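Trainee: take this sequence and fold it.
(chains A, B and C)
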Amino acid sequence: MSTQPVTLPKDEAAAEGKVNVQINGKWYRFPKGTRIADACNSVGAHVPCFCYHPKLSVAGSCRMCLVEQGMPPRLAPGATPTYGADGYQPIQWMPRAVIACANTVAENMGIRTTSKLTSEARRGVLEFLLTNHPLDCPICDQAGECKLQEYTTDYGSGTHRFTEAKIKKGKNIPIGPRVNLDQERCVLCRRCVRFMKEIVGEEVLGVVGRGAHNAISCYPGKELDSNYSMNVVDICPVGAMTSKDFRFQMRVWFLKSTPTIDVNCGTGTNINIWTREQKVYRITPRQNDEVNSCWMPDSHRLNYKYINAPERLTTPMIKTDAGAPLRPSTWDATLNLVVEQLHKCAPAEVAIIVSARLTNEELYMARALARQLGVTKFDIVPRTGESDNMLISADRNPNTTGAKLILGKTGTGLNTIRRGVKNGSIRSLIVLGEDVTAEAGIPEQDLAELDYLLVMDHSETPTTKAADVVLPGVTFAEKYGTMVNVAGRIQRLNKAIEPVGDSRPDWDILRDITQRLGCDCPRVIACPSPMIILEEIAAEFAPFEGINWGNIGNEGKVITDTGVTIPLIEREKAKK
Amino acid sequence: MSEIKYLPGKEPHPRETRRIFRNIDRVGYNPSIACFIKDGGYETLKKAIAMEPADIIGEVKKSGLRGRGGAGFPTGVKWTFIPKGNTKPVYLVCNCDESEPGTFKDRFIVHQDPHQLIEGMIIACYAVQAHFAVIYMREEFPEAAHIMKKALQEAEEHNFLGKNILGSGFDLKIVLHRGAGAYICGEETGLINSIEGMRPYPRIKPPFFPAAIGLYGCPTIVNNVESLCQVRQVLMRGGEAYAAEGAQRSPGTRIIGVSGDVKRPGYYEIISGSLTYGELLYDICGGPKRGRTFKAIIPGGASAKVMRCDEKLTGRNPDGTVREMSIFDVPMDLDSIAQHGSMSGSGGVIVMDDSRSMPKVLNNLNRFFAWESCGQCSPCREGNPWMLKLSTRIINGQASPEDVDLLKSVADNICGRTVCAFGEACSWPTQAFTTKFREEFLALTKPINAQKAHNPETAEARKFLTRED
Amino acid sequence: MSDTPNAIEALTAHKPSPGEKFFPKFEVTPELVAEAAALVDQYPEGKEQSAVLPIIHMIQEKFGYICPESLPWIAEMCKSTPIHVAGIVTFYPGIHTMCPGKYHFRVCRTIACSLSGGEELIPYICSKIGVDPATITDEEPMAVSADGMWSIEPVECLANCGFGPNLMLNEKLYSQVTRKKIDEIIAEYKNK
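Mentor: Sure thing, here's the model as predicted:
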C-alpha cells in the first residue's frame, strides 16, 4: 500500500479557486460561485430558463430550470468522508429538484439535466405555463424565437391535458410608443419589470393583480417610453412584449443575422442586423460586456430605415454644365471625370471634409487621397450631444477615436475650411460621407459659390444636391471595416446586405480615385479589401500594431487608452 | 391557580393545562398592562434582561422549544442562524398573520392578553439583540390592532419598550404592521416582503434565509405569536424544566384548535403528547354529533394531509414491536402524526363526519388555495386554478374518471417545485383526498364526460359533434 | 382604438359604488400628509416604502376605499411609484378598490365555517341587503346594495374556526352566526 499522500480532486480544484461538479455523469471544474445554470450550459448540458437573465437579479420564479441535484451525504459527527477510486465522494441525490438559476455550484455536487426527475419537472412546468397561454403560435410574432415554443418542443409532452376555460387578460395593449403587450402570452417571468427597475432605474412596469390573474402592467399615463424600452422585447422570452416596429413585418426564421456594430454614437454598441433579400428588418443588441452589456437604446435601434429608403443614392451622378441638374452616369465615366476635374484644382484651394462615421480603412484611404492631391486642409466634423449616462456617448460620431489615430489631430481644421469656403479662398471641396450644411455649418449658398464640389455619400442630402459629382457610397450595413469606440476599442463592421443599386463601399471608391490620380504606392492601390487595408494600418500606426481582422473577433480589442468609460458598463461592473 | 375563574361555558377542560391561555376567557381579566402586571407580568422580562443574551438563547435551546407556526423548527436553533460576526442590524418579526384555515389560537392571545406577547417579544429581541421589531398582524384582526397599539404604548410608558429598557441599556422599538388579507403573508419571506412594502411574494431560499438576509437585507428572526409567548414560559420556568414536560422532542404545551363536526369545537391547551387524537376528539370535544360517526380528520390546518378515521396505521411500541392503530391512537405532539404521512402543523384540527362529501370538502380547500396563491411561480399560479376547475367539475358531475387521476397528477406536478411551501400546502390536500377517498370522487364521475367540452371555445367547435348522454 | 378601456387603463378606472355617499371624497390635506408622514417615520430611514400598507389602511379607514386618485399620492408619500402601489393595491383582497357600503359584511367561506354552514349565509345576506349574489366574482368579490348602506364580500378564513360560521361587520367579528342573528344584526345597524 502506498503511503504517499494522495491529492484529491477537491484539493486540486480548491487551489485554483474552483470546485468539482459532476454534470450528467462527467466531472467538470468551475469557479466558486458559478450558478448551476451557467455551469451546465457552458458544458452543453442545456438548462432552459425563462426568468433567469444573467444581467438581472435572480427571480427564481418560473421554475423552468429545475434540475436534479445531489451532494455527498451529510456526515455524522466525527465521521470522516469516504472517497471512491476516482477521488470523489459518493453523491446522494436529493428527492426534489432545485432551481439552477439561484443555486451555485459546490464541491462534489452532482447535477442531472436529463434524468427522469429533471425531465418530469420540466414537463410539468411547461404544461402549467401552457394552461392559460393562448395556443396562437401561428399568428404570434414571437414564433421562431419563443422560448416557450422551443422548450415545449424540446422538453414538453406534445399533448395537453388542460381542457378548462382559459383566463382572459389584456391583448395587444400599446404599453409604450414602441412596445405592445399581450398579457395572455406572458409567462410572468418579470424580466421586463426587473430590467426597467434595475438597469434603466425607472420603475415603470410592475405586476398587478393576484394569483392566476397576475399581469404585467404600467401605470396609466406613465407608459413605457424610455429610450431603452425595446430591450424588454429582446429579453421577453415569449410573445408578450413585441416591437411595434418589427411585429408582423417578417417571420424570424426567414431572417439572416449579421453581427456588427452600431454607428450612431461613439459607444459602438454591438448589434445584430436582421436581413432578408437585401432588406434590413430589425436591429437587436448583441452581448458585449465591455461595450453595451445586452442592451441598446431605442433611438439607435430604430435608426436603420435609411438603409433601404428611396433617398438612397444608387448611381453616380454628374453635372456637366453649371446650371444643369445632376444626371446619372456610370462609375467609369464618373471616376474619369472626377480625376480630370481634380487635376485642374490648385491643391491650396482644395479642402477635404471627411466623416468620422467612416471606417478606419476609409479614413486611411481618404488620407491617401489627400496626400495624392497634396491637400492639407483636411478635417472631420465633430458631432456631439449629451450623454444619457447609459449607453449613448456624448460623441455622436462612431469613429472619432479612429480618426484621431489615423488622421492625427482633428477638429481644428474645420473652422478654417468653413471660413475658406465663405471667403472664397477655398474653391473646391471634397466631402466624404457628410452633409456639410448640417453640423459642419457650411450653408447651401456658400456651397453654391464653390467652383467644384465632389460629394460621396449614401443618401441624398442638401450637400449632394449642391454637388458637381455625387459618388454613391454605402451605409454601415453594406460594408466591412473597423472603427474604434470612445473607450479605445477597435470593433468590426460586417456586411449584412449587398450595396444598394450601383453604390460601392466608400473605401473602394476612394482607392480607385487615388489610383486614377496617379498614385503608385502599392500599399494603397493594391488593397483589394478592408482587411488588407487594416494590415497596412497596423503596419503604419503604433496603436494598431498586431491587429488584424481575425484577432479583433466579435468582441473587439482595446488598442488605446482614451480614459473614457461607458456609464452603464461601469455600473454593471460595480455591481459585481 | 385555584383563584382563576373563567367565563361560564368557557371553562378549560380538566385535561387542559392553561399556560399561554391562562388568561383567556378569565373573569375580570382585560388586556390592560395593569391586569397583566398584577398577574406577574413583565417579571420574566426583568429576570431575562439581567441575563446575557447568549444565556437566554442557551435556555431556549435547552428547552427544546419548537416553533408553533406550523413547521416546528427549534426556536433556539433558529436564533443561532444569525451569521457570526454580523455587523448589520438584527430584526425580529412576530408572525401574527394566523391564516392557516383551522388555526385559531393567536387571535385570542392578541385580543385578550397582548402583553404576554409583548413580553415574550422583548425577551426574544434582547436575546438576538434586535432593536427594531415588527408585529405583522393580519388585517382581519382590526380590534386586536387597536388593543395591541394601546398595549405597546402602555409598555413604552412603563419603560418595557423604548430607550434603555429597565435601565439595562437595551433599546427596542416595536411597530405594529397590519397585513391586508393575504394568506401568503404567513410565509416568512412573503411576510418580510410585505413589511418592506413589496408585493408579498415569497423569496427564494437560498439565498434569502431570513436569519441571514431578511428584512431590509438584514438578519431577521421570524417567530409565531405562540412561539414568542412560549419563550416567556421557557424563561419563566427555566429551560430544563420546560424540556421535561410533554413529548420529548416537542416539549411544552400546545394550543389545539378543533373545528368541524364535533360536539364541542374550540381551543384547548394541552401538554404536548399528553393525549391522543381519540382522547381529544372523544373525551374533550365530546365525540361526533348525534347519530354521526367521524369520517376524516385534517390534523394540522387545511394544508395537512387528511387522515381517514378508518385508516389502519402501524405504530411502533417502545420495545420495537409493531402494532396496528388508528388515527385516534396517535399522540398529539409535533412528530407522531408525521410518521403517518400528515402533519400536526399549527395545531388546527378539522373534523368531518359521515355526512360530508369529501370531494366538496376538497373543492372548498382548492378554492381557498387558488384564491390565495400569490401567482409568483408558475406551478402554483397555474396549477391551483386548474385543480379548482377540476374539482369543481367533479362535484358538479361533469368530470370523467380520468379527471380524478388528472387532478392528482396536477397536484403532484406542483408539489416540491415551487418557490415556497405553499406548493406543498396546496397539493397535499388534493393528493391525500383523491388517494384516500378515491371512490367518493369516482362515484361523481361519468366516462361520457371525457368526450364533452369543458370550455366555451371547444364547446363551439364541437357543437355538432358531441352527443348528449 | 376601441372605447372600452384596455387592461392598463382599467387600473385607474373608477368603480362607482352607492357606498361612496357615506364616506368623504379623497382629498389631500396637510393633516393627511402629516398622518402619512408619521406612518413613514415608524420605519428605519430609507425604508419609506414599508409604509405603503399602513398608509393604505389609513386611507381606507377614512375614505372607505383606495380610489384611483390616491395611488400617485400614496406613491409619493412612501417614495415609491404609482405602478408599484397599484401592484400592492390589486394584490391584497383586504384592500378595496371599490367603495363598500356603510356596513360591510365579510363572510368566511373557508373549510371550517363552510362545514358549519357559512357559505349558505352568503346568499341569505345578499337577499336581505338586496344584492345579486351573481355579481360576486373573483375579479370583484364585493357587492354593494343600491342604497349604499350594505355590502358583502366572501372572504377566506377569519381565524375563529372553532366557532363558525364567522363573519365580520366592519371591524366587529360575529361568530356562530345564524340566519336569525343576521336578521338581528341588520335590524340593529339599519337605523344607526
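Trainee: residues contacting stretch B:383-393, please?
Mentor: With contacts defined as CB atoms under 8 Å, 6 or more residues apart in numbering or on different chains, stretch B:383-393 is touched by A:128, A:131-132, A:162, A:164-165, A:167, A:211-212, B:359, B:362-363, B:366-367, B:369-370, B:373, B:399, B:403, B:406-407, B:410-411, B:413-414, B:426-427, B:430, B:449, B:454. Heads up, the C-betas are built off the backbone N, CA and C, glycines and all.
Trainee: need the strands for chain B, in chain order.
Mentor: Along chain B, counting by DSSP state E, strands occupy B:90-96, B:130-137, B:173-178, B:220-224, B:246-247, B:250-251, B:253-260, B:266-271, B:294-298, B:307-308, B:313-316, B:322-325, B:348-353.
Trainee: can you give the contact residues for stretch B:16-34?
Mentor: For stretch B:16-34, using CB under 8 Å, 6+ apart, the contacting residues are B:4-7, B:10, B:12, B:35-36, B:39, B:41, B:105, B:108-109, B:111-116, B:147, B:150-151, B:154-155, B:158, B:226, B:229-230, B:233, B:252-253, B:255, B:267-271, B:274, B:284.
Trainee: in helices, which of those residues appear?
Mentor: Of the contacts of stretch B:16-34, the ones assigned to helices by DSSP state H are B:35-36, B:108-109, B:111-112, B:114-116, B:147, B:150-151, B:154-155, B:226, B:229-230, B:233.
Trainee: separate out the buried members of those.
Mentor: B:35-36, B:108-109, B:111-112, B:114-116, B:147, B:151, B:154-155, B:226, B:229-230, B:233 (16 or more other CB atoms under 10 Å in any protein chain shown).
Trainee: of the residues you listed, list those near chain C.
Mentor: When CB under 8 Å from any CB of the partner chain is applied, no member of these is adjacent to chain C.
Trainee: if I look at residue C:130, how far off is chain A?
Mentor: Note on residue C:130: its distance to chain A, by CB to the nearest CB, to the nearest Å, is 28 Å.
Trainee: burial count for that residue?
Mentor: Residue C:130: 12 surrounding residues under other CB atoms under 10 Å in any protein chain shown.
Trainee: ok, and the closest non-adjacent residue to it?
Mentor: residue C:145 (5.1 Å; CB to CB, 6 or more residues apart in numbering or on different chains).
Trainee: surely that neighbour and residue C:17 touch.
Mentor: No: between residue C:145 and residue C:17 there is no contact under CB atoms under 8 Å: 9.9 Å.
Trainee: got the residues of the stretch 351-469 of chain B near chain A?
Mentor: B:370-379, B:381-386, B:389-390, B:393, B:406, B:409, B:412-414, B:416-419, B:453-458.
Trainee: isn't residue A:255 right next to residue A:276, touching?
Mentor: Yes: the criterion here is CB under 8 Å, and residue A:255 meets it with residue A:276 at 5.4 Å.
Trainee: those two: who's more crowded?
Mentor: The residue with more neighbours, out of residue A:255 and residue A:276, is residue A:255; 21 against 15, by other CB under 10 Å.
Trainee: burial count for the residue nearest to residue B:282 when sequence neighbours are not counted?
Mentor: Nearest residue to residue B:282 in three dimensions, chain neighbours excluded: residue B:328, at 7.6 Å (CB to CB, 6+ apart). Neighbourhood size, residue B:328 [other CB under 10 Å]: 17.
Trainee: ditto for the one 3 residues further on
Mentor: Neighbourhood size, residue B:331 [other CB under 10 Å]: 19.
Trainee: now do the contacts for it.
Mentor: Residue B:331 touches B:247, B:273-276, counting by CB under 8 Å, 6+ apart.
Trainee: so who does residue B:366 touch?
Mentor: B:384, B:387-388, B:391-392, B:426, B:429-430.
Trainee: domains in the chain, as residue ranges please.
Mentor: Because you didn't say which chain, this covers chain A. Domain ranges of chain A: A:9-75+A:82-126, A:133-308, A:317-571, per automatic domain parsing.
Trainee: that's the wrong chain, I meant chain C
Mentor: C:7-91, C:103-190.
Trainee: need those in a markdown table with mean pLDDT, can you?
Mentor: Shown next, in a markdown table, are the domains of chain C (pLDDT from 0 to 100):
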| stretch | mean pLDDT |
| --- | --- |
| domain C:7-91 | 96 |
| domain C:103-190 | 95 |
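Trainee: rewinding a little: would CSV of the domains of chain A with mean pLDDT and distance to residue B:50 be doable?
Mentor: As requested, those are exported to CSV (pLDDT from 0 to 100; distance: least, CB to CB, whole Å):
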stretch, mean pLDDT, distance to residue B:50
domain A:9-75+A:82-126, 96, 39
domain A:133-308, 96, 47
domain A:317-571, 94, 50
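Trainee: right, and these - which one's nearest chain C?
Mentor: For chain C, the closest of these is domain A:133-308, at 2.7 Å, according to CB to the nearest CB.
Trainee: need the three-state assignment for the spatially most central residue of chain A.
Mentor: Geometric centre of chain A, nearest residue: residue A:271, 1.7 Å, by CA atoms, centre = their mean. Per DSSP: H, G, I helix; E, B strand; the rest coil, the secondary structure class of residue A:271 is strand.
Trainee: check contacts around it.
Mentor: Residues near residue A:271 by CB under 8 Å, 6+ apart: A:259-262, A:283-286, A:296, A:301.
Trainee: which among those count as buried?
Mentor: By neighbour count, with 16+ other CB under 10 Å, those hold A:259-262, A:283-286, A:296, A:301 as buried.
Trainee: figure out how far the longest helix seen in chain B is from the centre of its chain.
Mentor: Criterion DSSP H: the longest helix present in chain B is helix B:378-395. Remark: helix B:378-395 is offset 24 Å from the chain centroid, using CA atoms, centre = their mean, to the nearest Å.
Trainee: average pLDDT across that helix?
Mentor: Across helix B:378-395, pLDDT averages out at 97.
Trainee: what comes up buried for it?
Mentor: B:378-395.
Trainee: pLDDT wise, what is residue B:1 at?
Mentor: Value for residue B:1, per-residue pLDDT: 45.
Trainee: can you name the residue of the stretch 401-550 of chain A nearest chain B?
Mentor: Proximity of the stretch 401-550 of chain A to chain B (CB to the nearest CB) peaks at residue A:487, 33.0 Å away.
Trainee: pLDDT below threshold where in chain B?
Mentor: Low-confidence segments of chain B (pLDDT under 70): B:1-2, B:465-469.
Trainee: residue contacts, the residue nearest the centre of it?
Mentor: By CA atoms, centre = their mean, chain B has its centre lying nearest to residue B:346, at 3.1 Å. Contact analysis of residue B:346 by CB under 8 Å, 6+ apart lists B:68-70, B:98, B:100, B:102-103, B:105, B:224, B:300-301.
Trainee: need the max-distance pair from these.
Mentor: B:102 and B:224 (15.1 Å; CB to CB).
Trainee: okay, those two: which has more neighbours?
Mentor: residue B:102 (29 against 24).
Trainee: residue B:287: how many residues sit nearby?
Mentor: When neighbours are counted by other CB under 10 Å, residue B:287 comes out with 17.
Trainee: test my guess that it contacts residue B:265.
Mentor: No: contact criterion CB under 8 Å: residue B:287 and residue B:265 do not qualify, at 11.9 Å.
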